[in-house]
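Asker: Fold the following.
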Amino acid sequence: MITGKNYIGFEVSAKGDTTFKTFNPATNKENEQLIVEATPQEIEEACELAADAFKVYRKMPGVKRAAFLLAIAEGIMELGDLLLDTYCMESGLPKGRAEGERGRTVGQLQMFAELIETEDWREPSKNSAEANTRKMLIPIGPVAVFGASNFPLAYSTAGGDTASALAAGNPVIVKSHPMHAQTGELVALAIYNAAHKTGMPEGVFSNLNSQGVEVGQQLVLNKYIKAVGFTGSIKGGRALYDLAATREEPIPVFAEMGSINPVVITQKALETRSAEIANTYADSITLGVGQFCTNPGLLLILKSELSSSFVETLGKKLSKKPSFYMLHPNIHAGYQGNKNKMITHEAVTKISEAELSSVPNTAAPALVTVDGAKFLKHDALHQEVFGPFSMVVQCEDEAERIRIIESLEGQLTGTIIAEKSDEAKLAPLFEALQSRVGRVVFNGVPTGVEVCDAMTHGGPYPSSTDSRFTAVGIGAIRRWVRPFSYQNVPKSLLPEILK
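Answerer: Residues are numbered from 1 along each chain as shown. Next comes the predicted model:
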């Protein structure tokens, strides 16, 4: 079932001679299957097919597009253990994680299918009968989606970007992530089969392989592409954003990028449940080997004997956490390098670092601490360390803690750990966080993003390129549409929902 080839509309294609292999971090070896990189000709074919498909797909009733999404979900489940085993082979992640992420992927497809079964999501509106002006949301055209390294299913081939773009009526071309190209092909096959089964136009979906940046660059610059979805690093997202702006017709890039997700812990919370908080956050920092965009990378506490004790306890908890495989040797090397920069920084004190395993590609959790004044002075300490790492900032007082929050770049989440008796004094902290993040969590952990109507997964730059939108939940569909008004348009030309 895995060919290593590209899916160009309804054709399985391998016209190029550039190949690569994915990597198994658990065995520390390349996987056997050769993956064939897409050629410029194949990219152009995929884009032309998508443009032609858009003319048909955008006019399809929501119930037909919903049937397509449900067929994709069904096809993903039918792949069974082959998909799960391939996922684990290419990521080093455990099978339980693969099963959970598959469930989320299927759930997202089902959620968008339910949303578009009626046309209410298009927000139809009508002015007075005399003015005869009507408005609704319409799809924008072919969308390029870049697979994410840390979520081979939920943020990749049939993940949230693809599901929401297809739901809105836009064809999708996926630039498969090179770290899990075989997993991506299996999901592409499920989409391919679903498109045939439900009578979708050829070109409604394509899947392109590439190890370097050239295929992605050509895709973003293609005149038929009208928007881009990306989840990954600030460097990668910003490069795509800048590239899209150079086009003769600039297009939007909806990128979800870096975040250190500040966590505020009040003194009363430490007095009441210091050990519990240390346990909870040791688990959150190391969840998925820290390879979550919502990993709590920054804890903000006030200086005291109690807080010093908390830091020591958290450090001990982290030092006992086992090392586990990171997604790829490159990601592991990045973690080691960035962690070491933080640990050896002149302003920082290392609290704990778990013993480094002799097993290749495994990451040891680490915790450091720094005074608030020094954190404010050194911008380098504000940077994300992608992996099981966190920094505790010990603030002199509440005013300094708020200054630190206000000094941060945009973040996906902010968390407040507090007691009921703290609530009367929390407004300044809450307002400071609200100006810097897309979601505030009370008495919880930021890791884990619920897929629901009310979820915002985005935030001020550089956590995302446009804080008005979410990459998770049904609101994600709004990235791929534009408002369109019909003024004095004959009834025969109006869509059914506006008649």
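Asker: what helix or strand does residue 300 sit in?
Answerer: strand 298-302 (DSSP states H and E).
Asker: From the rest of the structure, what touches that strand?
Answerer: Here strand 298-302 makes contact (C-beta atoms under 8 Å, 6 or more residues apart in numbering) with 260-265, 267, 270, 281, 307, 310-311, 314, 390-398, 401, 404-405, 408. No exception for glycine: its C-beta is placed from N, CA and C like everyone else's.
Asker: make it 6 Å
Answerer: By C-beta atoms under 6 Å, 6 or more residues apart in numbering, the list of residues contacting strand 298-302 from outside reads 260, 262, 263, 264, 265, 267, 307, 391, 392, 393, 395, 401.
Asker: same check, this time on stretch 315-329
Answerer: Identification of contacts with stretch 315-329 by C-beta under 6 Å, 6+ apart yields 23, 25-26, 91-92, 149, 179, 278, 282, 286, 289, 332, 351-352, 354, 357, 361-365, 367.
Asker: Roughly how far does residue 439 sit from residue 385?
Answerer: 21 Å (C-beta to C-beta, to the nearest Å).
Asker: that older thread, buried subset of the contacts of strand 298-302?
Answerer: Buried subset of the contacts of strand 298-302 (neighbour count, 16 or more other C-beta atoms under 10 Å): 260, 262, 263, 264, 265, 267, 307, 391, 392, 393, 395, 401.
Asker: So the third one is in contact with residue 415, correct?
Answerer: Going back to what we said before, that points to residue 263. Yes - contact criterion C-beta atoms under 6 Å: residue 263 and residue 415 qualify, at 4.3 Å.
Asker: Got phi/psi on the most centrally placed residue in the chain?
Answerer: Geometric centre of the chain, nearest residue: residue 231, 4.3 Å, by C-alpha atoms, centre = their mean. Per-residue torsions, residue 231: phi -130, psi 120 (degrees, to the nearest 10).
Asker: List the contacts of the closest residue to it other than its chain neighbours.
Answerer: Distances taken as C-beta to C-beta, 6 or more residues apart in numbering place residue 148 nearest to residue 231, at 3.9 Å, with adjacent residues excluded. Residues touching residue 148, when contacts are defined by C-beta under 6 Å, 6+ apart, comprise 155, 156, 231, 232.
Asker: mind running it again at 8 Å?
Answerer: 155, 156, 159, 177, 231, 232.
Asker: Repeat that for residue 52.
Answerer: 201, 202, 203.
Asker: name the element it belongs to?
Answerer: Going by DSSP H and E, residue 52 is part of helix 40-57.
Asker: What of residue 153?
Answerer: With DSSP H and E as criterion, residue 153 is part of no helix or strand.
Asker: From residue 213, how far out is it?
Answerer: Going from residue 153 to residue 213 by C-beta to C-beta gives 23 Å.
Asker: Same question for residue 11.
Answerer: Taking C-beta to C-beta as the measure, residue 11 and residue 213 are separated by 25 Å.
Asker: Settle this for me: residue 447 is touching residue 293, isn't it.
Answerer: No - Residue 447 is beyond contact range of residue 293, at 9.3 Å (criterion: C-beta atoms under 8 Å).
Asker: and the two? which has more neighbours close in?
Answerer: Shown here are residue 447 and residue 293; by other C-beta atoms under 10 Å, residue 293 has more neighbours (27 against 21).
Asker: need the contact list for that one.
Answerer: 150, 231, 256, 258, 259, 412.
Asker: if I look at the nearest residue in space to residue 226 that is not next to it in sequence, how far off is residue 168?
Answerer: Using C-beta to C-beta, 6+ apart and skipping residues adjacent in sequence, the residue nearest residue 226 is residue 141, 3.3 Å away. According to C-beta to C-beta, residue 141 and residue 168 sit 10 Å apart.
Asker: Compare these two (neighbour count), which wins?
Answerer: The neighbour comparison of residue 141 against residue 168 (other C-beta under 10 Å) goes to residue 168, with 26 against 20.
Asker: how much space between that one and residue 190?
Answerer: As judged by C-beta to C-beta, residue 168 and residue 190 stand 20 Å apart.
Asker: Can you name the next helix or strand after the helix or strand of the chain with the lowest mean pLDDT?
Answerer: Ranked by mean pLDDT, DSSP states H and E, the weakest helix or strand in the chain is strand 125-126, scoring a mean of 88. Reading on from strand 125-126 to the C-terminus, the next helix or strand found by DSSP H and E is strand 133-139.
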